[in-house]
Structures are given as C-alpha cells and as structure tokens.
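J.: Any chance you could fold what I've pasted below:
(2 chains)
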Amino acid sequence: MTIVQHSGAAAFARGAGASKPPLGRLSALARYGGPFAVYAVFGLLIGLPLALVLVQAVMPGLFAAQDASSGLSFEPLARVFNSPYVAGSVLHSLELGMLVACTTTALGGAFAVLVQRCDIPGRTAISIVPWLVFLTPSYLKALAWVLLMSSGGYLAQFGLLPAALGSAFFGLAGLVFVHTLSLFPLAAFIIGSALAGLGSELEDAARLSGATPLRIWLRINGPLLAPAIVLSFIATFAEVLSDFGLASTIARMSNFGVLTYGIYAAASDYPVDFPAAGAQALILLSLVLLVVVADRLLRRRADPRLISGRARPARLYNLGAWRWFAMAAALAIAFLALALPLGAIAARALTQTLGHGLVWSNFTSANLVAALSLNTAANDGLLRSLGYAGLTALIASSLALLLSAQLDRAGPVLRSAVVGLSLGSVAIPGIVLGFGYILVWNRLPGFRDWPFPHYGDGSLLVMGYVAAALPYCLVVILSAIGQLAPSLTDAARLHGVGTIRRLLAITLPLVLLSVVTAFLLTFIRTVFELPISQMLIPQSGPPAPTLILKLFSHDRDGLASAIALVAMAAAGIGAALVWYPLRRFVKPRRSVGYTGVGSGQAARTGTLS
Amino acid sequence: MNARTIFCFAIGLSALTAAAPASASDLVLYDALDFAGPVAKAFQAKTGLTVDVVEPGSTGETLGKIAAEGSNPQFDIVWLDGSAVMERMAADHVLQAIPAAAYDKVAFTDLGKSLIPQSHAFLPTGTSTTAIEVNTKKVPADKLPKSWADLQSFAGKVAAKDPNLSGPAYQWLAGFFQTNGLDAGKALLTKTLTNKSLSGLSSGGKVNKAVLTGDASVGINQDSAIFSKIAAGEPVVAVYPSEGSVSLPQGLGISAKTQHMDAARKFIDFVTSAEGQAAMQNGDDTDFFYIPIIKGINAKPGRETNITYTHLDDAVASAHETEWKQWYKANFVQ
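T.: Numbers count the residues shown, from 1 in each chain, chains lettered A, B, ... in the order given. Presented below is the predicted three-dimensional model:
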C-alpha cells in the first residue's frame, strides 16, 4: 500500500504533463478553456443564485416589491443578530449538529467495522441496510416517526409508548435519535470505504510483531482512519445544519427552532422578508464553511490518498458466540432505521384514517390504487419525477465526469477551490438555492428572457436538480479518477490520442462503477428532492415530492404515504436493475465491503431535504 | 479538453434539457386550494382553454413564490384563502383590480356581498371561518368549550396555527382581537396557548393531526378542515364560539401583468357558475367544504352554514398586521 498526498508525485507528474508551451490562440483557449468552464459551471449553477440571496443581507431593498434600491444597509444583519430567536436557533443548530455528528460517527463507524471486519451471520444482507436507509428521504423518515411517536400514534395505540418517552421524543433527544438513525449510513460509508482501502498488510505486520488487536486498532488502524472519522464528523455536521426535513417536522413540533426553518419561515409570506432570509442563510453558510476550513487547517494537507491497488482484503475477526449478539445489534439498528419507519408509512398508506388505527375495518387499497392508476394527479407526479430524475442523473454524472477529468489535471489551487466549493455547497439548503434560482432566472434582466432554461419550465427545475447533485457526483467521480495512475492516460497522449477518446476509452471504463454510482445516487435523491422541487415547480405540473408534501400538509397523509411508497419501490427497483448486473460485469477485485470504487466519498452525499 | 469539445457538450446538454417541454397554456393559476385542480379541469373541458395549475404547497409557500417573482409575475390568476394578503398584493401592484362588471354578473348572497372588497382587489368565490376543533375521544360531550374564553381550561392542550405562516390564522387573530378587545384578547391567549410546540403550527393539516393524535385536545382551525375530517369519519366536532365568527373569504385575484385577460374573465365566469361551484365541491378535502356565497348553491352535506358572523374591520386588521404577527411569534412560536 502506498500513501500519496494530493500534491504528491502523481499530481506533479500530471501537472508537468499538462504544462506544454502555448502554441497559439486555439491552444491557449484549450488550456484556459478548461478551468474557465469549471468556474463558469459552478458560478452559474451555484455561485450566482447563492450570491443573490446572500447579498440581500446587506442590500435589503434589492428585490423590494416597490422602489427597489441597491443601497447598502446593515440593518438586516443587526436585526438578525439582535433577535433572541435567531441566536437561539444558531445555538440549537450547533448543539444538534455537534451531538448528531458524535453519535452518528460512533454508530456508523461501529456498523462499518461490524459488517466489514467481523464474521457476523447475514453479513451481506445487513450490508445493504445503510444503502436503503440512506436512500429514504429524511422528511419521510421524520413523518414516519411522527406517525409512530405522537401520543395518539401507532406505538401508543399498541401500548408500546410510555408517556414520558413520547414527550421526550419531541425535543432534542428525539431529533438526535432520528438524525442518527437517518445519517449513520453516511458515517458507515466514509469509514467503511477507508477500512476497505486499508487492506491488511499493516495489520498483518503488526500482528506478526506481536501486537494485540486493541493495540493495532489504537496505534495503526485508528490513526489511519482518523481522516475518515473527521470527514464523517464534518459531513454529518454539515448535513444536520442544512437539513430541512426534520427541521420542518419534528424540530418544528418540538419548538426547537433551527436556522433552516428560520430561513423557510422568513421566505413563506407576502412580502417575503428577504433580508432576514439572506442574513440567516449567511450565518448558516458561515458556520459550515468555518468547519470545512477548520478541518483543512487542522490537517494542513489534503487527505492522504490510499492507493490500495495491492491491498488485500483484511481478515475477518472471529467473534465466537458474540457474533449472535453483534448480529442482533445490527438487526436492531436496521429495524429502527428502516423497518419501523417504512412500516409506519406503509401502514398509513393502507389505512383510511390515522385516528382509527390498525383495525381491519380501517384498511383500504384506495390510496395505492390512486398512486398506481394512470392519469391520476398522483401517478402523473410520480412519472414526471422519475423522468426529471433520470435526466438530471444523466446530465449531472456526465458533467461531473468531464469536470473531474479536467480537474485531475488542474493545479492544486483550482482543485482545492472546487473541492472546497463542493463541500460547502452540500451545506446550502435547497430552499436557499431554489430562491436564488427564482431571483436569477425571473428577476435579472438578460436571464429572464433566455428561452432556455426558463423559469416556470421543467428545464430550470432540472438545472436546479443538477446544481444540487453536481457537488456529490463530483466528489464521487473525482476520488475515483484520482486513484488512477496518470501513466495510463499519459501513455495514450504520447501516442497522439485525443482528449475525448482518452476520456471515453481509458478513463471512463476504469471509473465506470463510480460514474454509475453517481448516476444512481443522483437519480434516487432527485426523485425525492424536496426544497428545489417546491421552489421551481414547473407550470406543466408538480413533481412527486411537492405533491407528497402538499398532501401531507393538507392532511391527506394516506395518499402521500402511498405515493412515497410507490416512488421508493420504483426508484429502488430501477436502481437495483442497473446496479447489480453492472457490478457483476465490472467487479473490482479489491472491493471488500459494500462500497464500490469511490463510493466511500459517495458518503458525502447526505440527505439534504 | 478543448473549447470545441466543451461547446459541443454544452449544445448536447441544452438539447437534452430542452426535451422538457415548455409551457404554453392559456392561463397560469397559482393557488393553495384543494379544489383548484378539479375546477381547472372542468373549465378546460367546457371551454377548451388550457390551465396550468401551480401549487407550491401552503398559502405561505405560494405567497413566497409570488413575492420572489416580484415585478415579473408568472401567474395570470391567484386563488387563495384570506383577504388581507390580497389587498397587500393589490397595493403593491402585483394584482390589478377586478373589473366591476365581473361582480355585477354574479348573484351573490348577502354574505357574499359583504365580502366584496372596496378596492376590488379580489373576487370572493366562497368562504369559511375559524372554529374550535374538539377531539370527542379526549373531551366528553358535557365539557365542550362554548367560547374562546372557555379554551383557558384546555391550556397547554390547544393547537393553533402561526399567523405568520397561515393567512387564515391571521384573519382569525385579527377577528379574535376585534371581538375580545386587544388587551383582554392578548391576556386570554397568553393564558390559553401555553404550549409553544402546539401554538405555532404551519398548516390546518397539522392542527388536525395534533388533535387527532391526541397531542392536543382542542384546536383552533379553519372549519372546513374540521368538516372534511368529520366526513372522513374522524372523531372530531366543530364548535362555533359564542363571540361570533369572522369569515375568511377565498379570493381570486388577477395578475397586474397578465396577457390573458379574456381567459381570466372566462375563468371567473366559470367559477361563479353552477357548474364551477359543483366542481368546487367535487372532492373530500378541506377546501371542498367551503360555504357557498352564490344564490342557489348549497354546501356539501354535513357542512354547517348557520353561523353567527361578525364583520372584520379590514383596515384595522391590515394596519396592525406586522405588529400583531410579531407579537404572536414572540409569545407563542419562539
């Protein structure tokens, strides 16, 4: 196993290869066109919309209904900073983020070690659980837990809910509980992929030298996994800060105000309190960027890259009789994180009313029938979302592949700028981005007259989806491309093979699995993406998430649950049909656990909704 | 990668995304009312004019979208609960005045006539009001509240909507202050809404849910939401407070920048016709249980219409809107 830094030999070799003397205008374009394209894509998709939202924190009159002005004022910031509510929600967000980051990293790490390094029975089946949990949108899980934990909810109806537990749930404890169960896959992916890359050489060497397992974990595996643990902590923290699904359900019901809900509340009225929304968005983003920057500073250098082409799968620990206990623990997590919430949604989808509970006379198939019959609003929304999601996944993963190929050859400044931007933009709440999109494409002269993409069309919604998915895709594919030896493409280039052919014939086959991972993740997440769907709802009809939420807020949670159930089934089956044959086809020899190449970084793809 | 490649790729992407069809309908309707979809469908079937129905979610979310669109509104018609917000949009020139002829064509009942705004900011198409929603499994029949004042005995178990997020809730708050007096009303609410996790809900659906799950024993909710739950077989009743109820009109407004005035007029004609009113009742959700305000039109079966109304002073309600909403937020939400 070789450990190479980002700015190490490989990157240097690539940089050297790329720095040929300029030949003329065309080659200058070719040389600067790439970085320019990278900046342009980020600027247009994320930078400009975000800037328009944030700038209102200091230019409150910019988009006023009457007498718009670009005068500078610090009044909104002062108002927000003086508001005890905002101060409270900042503290709440931080408190929740920190707690959940700890619990999630611990649970996810333990889960990864258990599944990847211990001989527990049913390992393969259990290893699918994090993926399923990860792909269930957070607002659905939150709503499911509300159905379960309310004082008249399913658990209380079965007499399984002590009153004290029920009231404690709607508060910090419940939020930490649901967030941890919802986000632990993120930590399991990040730590799991680092574990897989670790191989067993170092461990075997230590064991041969007489080190005990405890010592091996403390002195060898622990330090090697430290970057992954820190990344998991940061990723979870950023996810919690920017989460809207739980913020608008459990947190709201518990009067536990968090920043994302504050932004939403400021933006849901006429006239919108844009300055307050902008100022709170500014605080939210600053917090996340602070963490990302702190992480960079702490570690000084970029992540150590584990080039593990020669790493052998590690030996499994034999737990003896304890393995049954370990399996029970893993199954308990699977039950709480997946089976119970999905069961609640399924129960609600199959019943007429919540109040009458799970009695025979209350069961109905009407909701499912409505979701599955053609030409109902529910079914139209479902098909529309599947279409948009497919298109988005195609565009985002292709764009990310092109950008990654470009970035891999770029200098360290551009590279770290883009990685930083991607990490930062994960934390941008979709609702802020959505508002930014309306401002850019419906208010800015020049943009609003473009025929495409156009505000009110599906085209802008797809563009918004792409913007939300691109950072994730980029991180997944970039990490896979980064693991390729530069000599492969360099050799081709020396033989005069063109850029596109190199990308398609050499790079793409080698990173195909991670491109497909990016595609599938984007597809499934986009089917359920809520805030952007809501802000950029096309005039031709609503996508499924908007419909689901609307039905929930109009108290038709039975039909909403049915749509959610069918959408999950459709997305899951579709993804499995693509993933499993492909994985068999290009099975990477060194894949150990349940993560494909680079899908550890797929772990960055949390559940922003 | 050279510039040509990037260019080709960009063109390819554009072509792909362009596959999503652009909208070119005769009317764009923004709304937060359950019956808007069925009404648009019936209108389309009758006139052949196409309507795009855009429903971002709650009234607040729809308003947020309209506000974000600002001076370049994309809708032709907006159809929402609440009169005050319509007045505000008209004052900001987001809406244009409804032509006087449109009102004259409609045979409004007396209640309907009382809802027509002087500014002509909107055309009322129906109404509802706020009532006390009671979970009959939690509250025995002899303990039912009879007035807003009676809610004190349920302190901590009362669900209510945040007027900052719900147009109907502000209408209720303003009416409540009008009937109870400002200071007495504030004192009464302070004694009643002692559980912040129940008093800042964002929609009527959430009030329903709180009452149905038993988190709350009673809720302050739009009465049509209560009747739709009763029709669905849920164990709740609607109680009208003895102080009187302030009605909450459903208003239909026309965008100041519409290019489709003819189609908008035809839509208004349809909505106020017997056929349109039938489409407005062709469903089981909250808004289908509205109170008709046109002569000869009856409400859905089971819907109470014999209600004692008090008239809301819109000018007072508008003038204090920011202040009262902030007071509510500071005391019962945050």
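J.: surely B:Ala121 meets B:Met86?
T.: Yes: if you go by Cβ atoms under 8 Å, B:Ala121 and B:Met86 touch, sitting 4.7 Å apart. Placement of C-beta: from N, CA and C, glycine included.
J.: Looking at these two, which one has more neighbours?
T.: Using other Cβ atoms under 10 Å in any protein chain shown, the more surrounded residue of B:Ala121 and B:Met86 is B:Met86, with 26 against 23.
J.: Quick check on that one: phi, psi?
T.: Torsion angles at B:Met86 (phi, psi; degrees, to the nearest 10) stand at phi -70, psi -40.
J.: That one against B:Gln250, yeah?
T.: No: B:Met86 is beyond contact range of B:Gln250, at 10.1 Å (criterion: Cβ under 8 Å).
J.: Now do the shared contacts for these two.
T.: By the contact definition Cβ atoms under 8 Å, 6 or more residues apart in numbering or on different chains, B:Met86 and B:Gln250 are jointly contacted by B:Leu80.
J.: which regions of the chain sit below the pLDDT cut-off?
T.: This is for chain A. Confidence mapping of chain A against pLDDT under 70 gives the ranges A:1-31, A:34, A:65, A:151, A:199, A:298-314, A:423-424, A:426-427, A:586-609.
J.: please go with chain B instead
T.: Low-confidence segments of chain B (pLDDT under 70): B:1-23, B:334.
J.: Strands of that one, residue ranges please.
T.: B:27-31, B:51-54, B:77-81, B:95-96, B:123-135, B:158-159, B:218-222, B:236-239, B:245-255, B:309-310 (DSSP state E).
J.: who touches residue 256 in this structure?
T.: Answering for chain A, as no chain was given. Contacts of A:Phe256 (Cβ under 8 Å, 6+ apart): A:His92, A:Leu96, A:Gly171, A:Leu172, A:Leu175, A:Ile250.
J.: Let me rephrase: I mean chain B.
T.: With contact taken as Cβ under 8 Å, 6+ apart, B:Ala256 is in contact with B:Pro73, B:His93, B:Val94, B:Leu95, B:Gln96.
J.: Excluding sequence neighbours, find me the nearest residue to the second one.
T.: Going back to what we said before, that points to B:His93. Closest residue to B:His93 apart from its sequence neighbours, by Cβ to Cβ, 6 or more residues apart in numbering or on different chains: B:Ala256 at 5.2 Å.
J.: Any residues of the stretch 101-250 of chain B in contact with chain A? List them.
T.: Within reach of chain A by Cβ under 8 Å from any Cβ of the partner chain, the stretch 101-250 of chain B has these residues: B:137, B:164-165, B:196-197, B:200-206, B:208-209, B:212-215, B:225, B:228-229, B:232-235.
J.: Can you tell me which of these are buried?
T.: B:164-165, B:197, B:200-206, B:208-209, B:212-215, B:225, B:228-229, B:232, B:234-235 (16 or more other Cβ atoms under 10 Å in any protein chain shown).
J.: what secondary structure does A:Gly245 sit in?
T.: Secondary structure state of A:Gly245, per DSSP: H, G, I helix; E, B strand; the rest coil, is coil.
J.: doesn't A:Tyr139 make contact with it?
T.: Yes: the criterion here is Cβ under 8 Å, and A:Gly245 meets it with A:Tyr139 at 3.5 Å.
J.: circling back to that earlier point, can you pick out the ones from the contacts of A:Phe256 that are in strands?
T.: Taking DSSP E, every one of those sits outside strands.
J.: Mind checking which of these are buried?
T.: A:His92, A:Leu96, A:Gly171, A:Leu175, A:Ile250.
J.: circling back: now for the contacts of B:Ala256, which sits with the most neighbours around it?
T.: Highest count within those by other Cβ under 10 Å belongs to B:Leu95, 28 neighbours.
J.: May I ask you to name the longest helix in chain A?
T.: For chain A, the helix reaching the highest residue count under DSSP state H is reported as helix A:84-117.
J.: tell me what it is packed against?
T.: Counting contacts by 3 or more Cβ pairs under 8 Å, 6 or more residues apart in numbering or on different chains; DSSP states H and E, helix A:84-117 is packed against helix A:123-135, helix A:172-198, helix A:222-242, helix A:259-267, helix A:274-299, helix A:322-334.
J.: Any buried residues in that helix, and which?
T.: A:86, A:89-90, A:92-94, A:96-97, A:99-101, A:103-105, A:107-117.
J.: which parts of the stretch 351-500 of chain A sit against chain B?
T.: So the stretch 351-500 of chain A meets chain B at A:352-356, A:377, A:388, A:391, A:394-395, A:398-399, A:402, A:405-406, A:435, A:438-439, A:442-443, A:448, A:451-459, A:461-463, A:499-500 (Cβ under 8 Å from any Cβ).
J.: Please repeat the previous calculation with a cut-off of 6 Å.
T.: When proximity is defined as Cβ under 6 Å from any Cβ of the partner chain, the stretch 351-500 of chain A approaches chain B at A:353-355, A:395, A:406, A:435, A:438, A:442, A:448, A:452, A:456-459, A:462, A:499-500.
J.: Just the ones of those in strands?
T.: Among these, no member falls in strands (DSSP E).
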